[in-house]
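**Q** Generate a structure from the sequence data that follows.
(one chain, ligands or ions: 1)
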Amino acid sequence: MRNDRNIKEKRHDPYDVGRKYSEGTYCPQCQANYWGGRWVWPEKTHSKTTICLCPACRRKRDDFPAGEVYLSGTYLSRHRTEILNLIRNIIDEGRERTPLKRLITLKRDRDNLCIRLTDNHLARHIGDALYKAYKGELQLKYSDEEKFVRLYWHRDV
Ligand SMILES: [Zn+2]
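**A** Numbers count the residues shown, from 1 in each chain. Here you go, the predicted model:
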């Protein structure tokens, strides 16, 4: 436990982006495994020696996102299905690539959409894709200390 203080000073992310787990650690929630220094989806059944929630499942449990994307504007209301498909594809790709890129919640009403995610890069990826596909206005608010990002995308007409 001698390293505890040192780790706390260096690491601001409470969800342990830089943390080392024992090889083969298994997340009882999503079945992700920790191998070779990272969380991966299991390719085969491993011996489940150490059990520990992965960072993404802890964020979901705590309802504590690392990235959020807010969409608004009349363009959204008129192209909702298309925009949702784009977002869902990006989320699916992220989740396939790594257990740590996952959706926490997606809330919508008539003119707004709010997406909360376990990974800040995934949020940026969605913002970039929206801007690339539909232009509009994209604003980014980044909190470095907490490694949290919030994006606002807006387009009328
Ligand atoms: Zn998990």
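
**Q** residues contacting the residue nearest to residue 67 when sequence neighbours are not counted?
**A** Nearest residue to residue 67, sequence neighbours excluded (CB to CB, 6 or more residues apart in numbering): residue 123, at 2.7 Å. For every residue, glycine as well, the C-beta is placed using N, CA and C. Residue 123 is in contact with 66-69, 115, 117, 149-151, counting by CB atoms under 8 Å, 6 or more residues apart in numbering.

**Q** separation between residue 84 and residue 55?
**A** Separation of residue 84 from residue 55 (CB to CB, to the nearest Å): 26 Å.

**Q** Same drill for these two, tell me which one is more crowded.
**A** Neighbour count, other CB atoms under 10 Å: between residue 84 and residue 55, residue 55 has more, with 24 against 16.

**Q** re earlier: can you list which of the contacts of residue 123 are found in strands?
**A** Judged by DSSP state E, strands contain the following of those: 67-69, 115, 117, 149-151.

**Q** Could you dump those into JSON lines and include pLDDT and neighbour count?
**A** Below are the ones in strands among the contacts of residue 123 laid out as JSON lines (pLDDT from 0 to 100; neighbours: other CB atoms under 10 Å):
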{"residue": "67", "pLDDT": "96", "neighbour count": "25"}
{"residue": "68", "pLDDT": "97", "neighbour count": "20"}
{"residue": "69", "pLDDT": "98", "neighbour count": "25"}
{"residue": "115", "pLDDT": "98", "neighbour count": "26"}
{"residue": "117", "pLDDT": "98", "neighbour count": "28"}
{"residue": "149", "pLDDT": "95", "neighbour count": "23"}
{"residue": "150", "pLDDT": "96", "neighbour count": "18"}
{"residue": "151", "pLDDT": "97", "neighbour count": "24"}
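
**Q** Helices of this protein, start to end?
**A** 4-10, 55-62, 74-78, 80-97, 120-134 (DSSP state H).

**Q** of the ones you listed, which approaches residue 30 most closely?
**A** helix 55-62 (5.4 Å; CB to CB).

**Q** What are the contacting residues of stretch 136-155?
**A** Contacts of stretch 136-155 (CB under 8 Å, 6+ apart): 12-13, 17, 65-76, 120, 123-124, 126-128, 130-131, 134-135.

**Q** buried subset of the residues you listed?
**A** 65-73, 75-76, 120, 123-124, 126-127, 130, 134 (16 or more other CB atoms under 10 Å).
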